[in-house]
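J.: coordinates for the following, if possible.
(chains A, B and C)
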Amino acid sequence: MATILAVDDTASMRQMVAYTLRSAGHEVIEAVDGQEALDKARETPVDLVLSDVNMPVMDGIALVRALRELVQYRFTPILMLTTESDSEKKQEGRQAGATGWLVKPFNPEQLLAIIKKVID
Amino acid sequence: MAIDLTQFHPVFFEESLEGLEAMEAALLALDPDAVDQATINELFRAAHSIKGGSGTFGFAAVADFTHGVETLLEQVRSGKRRFSVALVEVLLQAVDCTRQMIRQLQRKNTAPIPELATTRQRLDALLASADVAVVTPEPAPGERQPPSVTPAACAGWQIEFVPGPTILRTGNDPLRLFRELATLGDLKVKLNPVELPSIKTFDPESLCLGWTLTLDSPCDAAQVAEVFDWVAQESHLRITPRTASPAQSATDSDATPDLAAAAGKPEQTEKPEKAEKAEKAEKGEPGSIRVGIRKVDDFVDMVGELAITQSMLCELGNDFTLDKLPRLLQGLESLAQNTRELQAAALAMRMLPMGFVFNRFTRLVHDLGQTTGKKVRLNLLGEGTELDKLVMEKINDPLGHLIRNAIDHGIEQPQVRRQAGKPETGTVTLNAFHQGGNIIIQVQDDGVGLDCEKIRTKAIERGLLAASDSPGQGQLIDLIFHPGFSTAAQVSDISGRGVGMDVVRCNIQALNGSVDVSSVAGQGVTFSIRLPLTLAMLEGQLVRLGSQVFVLPLMSVVESLRAVSGPLRRVAGDFDVVSIAGEYVPVVRLCELFQIAPDSQGVVDTVLVVVEGDNVKAAILVDDVLTQQPVVIKSLEAHYRKVEGIGGATILGDGSVALILDVAGLLQLAGIRRDLFSRINANKEHAA
Amino acid sequence: MNSRMHKYPPSIRDEEVIAGPPVKEGRSWLGFFLQDQEYGVEVVCVEEIRCWEPATPIPRTPDFIAGVINLRGTIVPLINLRRRLGLPGIDRKPETALVLVRTVAGDSHKIQGIIVDSLSEVYELTPAEIRPVSDTTPPEACGFVEGFVSIGGRSLILLDVNAILRADEQCDLSVLQRVVTE
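T.: Prediction:
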């Protein structure tokens, strides 16, 4: 099972994601914005990052860029949680170095299916 | 594994309502001509979160409605639309509608929301308006080959895949893609012949390989394309049906998303909202409090301290000998200290800054300014002052009423103000500060002030005052709190419907608080509300009557006097009075009221506790005054019922129960009316 | 809380009842004395039994409200059941007991204590053993009596304690004195 960093400023979404991942047996670290996520990722190595895009302080795109700068996160899967309306954001995220995305709204089953795609 | 999403609903509702509040505050504060990007981002984020959450948690109607709001804000954010007063108004309406929708979901109420349709229309009209430069989705930079897909399903697929050289750096891995493809059917992977770069230029992080894959599967092209969704943009990808002759591959870049959408992209898992039964849930869930992690940490630390003290005491108790007495006393001392701190920390968790309440009134002031045509500014002070959440919720309505009054009756029309040499824009100030164990909340306006002559006329009209009475200004102003008294010359839409200040005072008294008013003609009115910091505890004055101990809220106690000898003066028929500092104060014989046998029959040896409730003073006759201490307020109603004159109960140090007296209720019970004694004292002043 | 909740003690959940051994058809009743009459209240309503303890009187309440006690931090009223039924009061004896009863109305429950002269025992009674109220029972009292039972020459009046404690304080329950078991 993997250690996953779940980043979302919206508490209900973050709790849903964390709860779902934990029920599937993963270790979950939660963060409310990009900065907190970055700090926590530096502190504890994680196998996967799931991040919202629109967040205060540091948004998801900036988080991806910052993580890719860190040597230990150069190849770590990073998935953006984004809405359909964010097609530009998807590409922006990809260019920043995100692995892929999961389109909101999603249900727990879809979340777990997508996780399977990126962790062995 | 089925995960019950309803467990996240309360959090979603709460944060959405908070988000809406933040949006409202931001919208009210912004100047359409000079909006800063931070505000726009904040607005967008709030709308975005509500939309995303409502979609995820199955509230399709909210998601659909907020989508329009989000789109408008996105256009503003990306500079495609400009803020206007009209846009702000529509957004404010949309915020109101969304709030109602969320509240209804919270209460499982399905009544239609009347404003929804019109707001929706206005949103749609704006969205359709030409104010915005039409957003054309820019085709992706055409350098790379867009993925080519043949729509028809067939026996299998041949996939040419040459990933972009950088895909490893985004955490993607061709191996994973192949593994996923293999779940669709039988997969054969063949490496294309490659020309590897020389060792000097070789970069292990760049991918320079390409593959030809054959997938034996009845799946359709979209399922195949979806596997490559994340990397399609930067890779060369060609998906052709295996049986078919060299494909007539569609080179239409839209094909991928369309197909993907058709082929089971995440669907909204929504159940029709109507299915949610309209239960009677008006009381709603027991409220929750969001507590800062710092406060919780403090609390946990203190519990740790307590555990240490406990184990120390426990150890002492195991084989106690008298020589360990100092350590026992020391242990008990720290136990007392721990308890005090724990109590304070527990109370701190219920505390919220006053800003929570104050900010809600920005909208009210904005709207009232519009309806009355007056220019009003809301000035907030002491927003950081903390107050118990429960008290805060209950003070909301009285404050709203005072603000309405201030704008409706206090603040003048701009031209009137100009003639009076005042700035055209009136100011309503909300202020909060701590004083002793209480919080003082002030509502102040710089308007016309109370018209004492008018109050007097009205009071005489209503029989509250005899024509011959000449009460002091304070007593006169106090009459506005009398039931049914309203100074509005005409009943207006906003306030002045007769249910006025008396209701405000009642509500505040129900919180063990009091309200005072002062007015300066031409300069404005100030209402000062004094409230206990919490409803969970109060500073109590313990008093004894016969064998029973009662608690008086210290906040209501003015002073305690050893009773003077000699008979009390009997005036106004039924009341004994004492003269204290030249003022006649009615005496309440608690023993008679409560039918308790007192120690002493006469007045001698008794104590007079002078209290003030409902802005009238009284002296309560008790046998003895004991200590002052903080007491935890326990409800009598939880398992019994409300009892007149009793505010609740508490548990004393010895485990026994003591009743907490409700001073205002007690005075009412004793038949002491404010107007009666203000008249007695007024007449006395007059005679003197 | 649904209406079934108070049919089982709070510690037993519905599933357990279904899954467990078949529930005995009968119900348990706690017997106690007032004056010389033995009464019964259903055990599922009983939260706990305590020795008598002094209560803090509440002013301006009927005389049968003995006051309030501190039940582990909760303020709980005590009802002097003798006085409630209009019987003459007596001095406290060592056997005097408090029966703390849970009453349910709608969504809320209340814990109230009743003061009884003494406790007798717990009876398991099947519906067949319980005689319903008959014409000999005053109609005003019917709502407060669940039935009668005779055990070894003794006759018990089975009370609907929920109805008694929920009754308006102004409501005169002395009519229960006229309830006869035969």
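J.: and the pLDDT at residue 56?
T.: Looking at chain A here, since you left the chain open. At residue A:56, the pLDDT value in this model is 84.
J.: actually chain C
T.: Looking at residue C:56, its pLDDT is 95.
J.: tell me the bridge partners for it.
T.: Following DSSP bridges, residue C:56 is listed with bridge partners residue C:68.
J.: residue contacts, it?
T.: The contact partners of residue C:56, by CB atoms under 8 Å, 6 or more residues apart in numbering or on different chains, come to B:548, B:649, B:656, B:657, B:658, B:659, C:67, C:68, C:69. Placement of C-beta: from N, CA and C, glycine included.
J.: please apply the same query to residue B:396.
T.: Here residue B:396 is in contact with B:357, B:360 (CB under 8 Å, 6+ apart).
J.: quick check: it vs residue B:17, distance?
T.: To residue B:17, residue B:396 is 14 Å away according to CB to CB, to the nearest Å.
J.: lowest pLDDT pick from the contacts of residue C:56?
T.: Minimum confidence in these sits at residue B:656, scoring 89.
J.: in the chain, what helix or strand scores lowest on average pLDDT?
T.: Went with chain A since none was named. In chain A, no helix or strand scores lower on mean pLDDT, DSSP states H and E than helix A:87-96, which sits at a mean of 79.
J.: wrong one, I was asking about chain C
T.: helix C:14-19 (a mean of 41).
J.: beyond it, next helix or strand please.
T.: For helix C:14-19, the following helix or strand on the C-terminal side (DSSP states H and E) is strand C:27-34.
J.: and the helix or strand just after that following strand, which strands flank it?
T.: The C-terminal neighbour of strand C:27-34 among helices and strands, as given by DSSP H and E, is strand C:37-42. Using DSSP bridges, the strands paired with strand C:37-42 in its sheet are strand C:27-34 (antiparallel), strand C:154-159 (parallel).
J.: okay if I get these as JSON lines plus mean neighbour count?
T.: What follows is the strands paired with strand C:37-42, written out as JSON lines (neighbours: other CB atoms under 10 Å in any protein chain shown):
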{"stretch": "strand C:27-34", "mean neighbour count": "20"}
{"stretch": "strand C:154-159", "mean neighbour count": "20"}
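J.: pLDDT weak spots in the stretch 201-350 of chain B?
T.: Judged by pLDDT under 70, the stretch 201-350 of chain B has its weakly predicted residues at B:243-287.
J.: quick one, strands of it?
T.: Taking DSSP state E, counting those that start in this stretch as the criterion, the stretch 201-350 of chain B carries its strands at B:211-216, B:236-241.
J.: between the ones you listed, which gets nearest to chain C?
T.: Smallest distance to chain C across the strands of the stretch 201-350 of chain B (CB to the nearest CB): 48.6 Å, for strand B:211-216.
J.: packing partners for the closest one?
T.: On a contact count with 3 or more CB pairs under 8 Å, 6 or more residues apart in numbering or on different chains; DSSP states H and E, strand B:211-216 meets strand B:156-162, helix B:174-182, strand B:186-191.
J.: quick check: angle from the last one to strand B:211-216?
T.: Right, the one you point to is strand B:186-191. Here the directions of strand B:186-191 and strand B:211-216 differ by 170 degrees (axes from the mean of the first three to the mean of the last three CA atoms, to 10 degrees).
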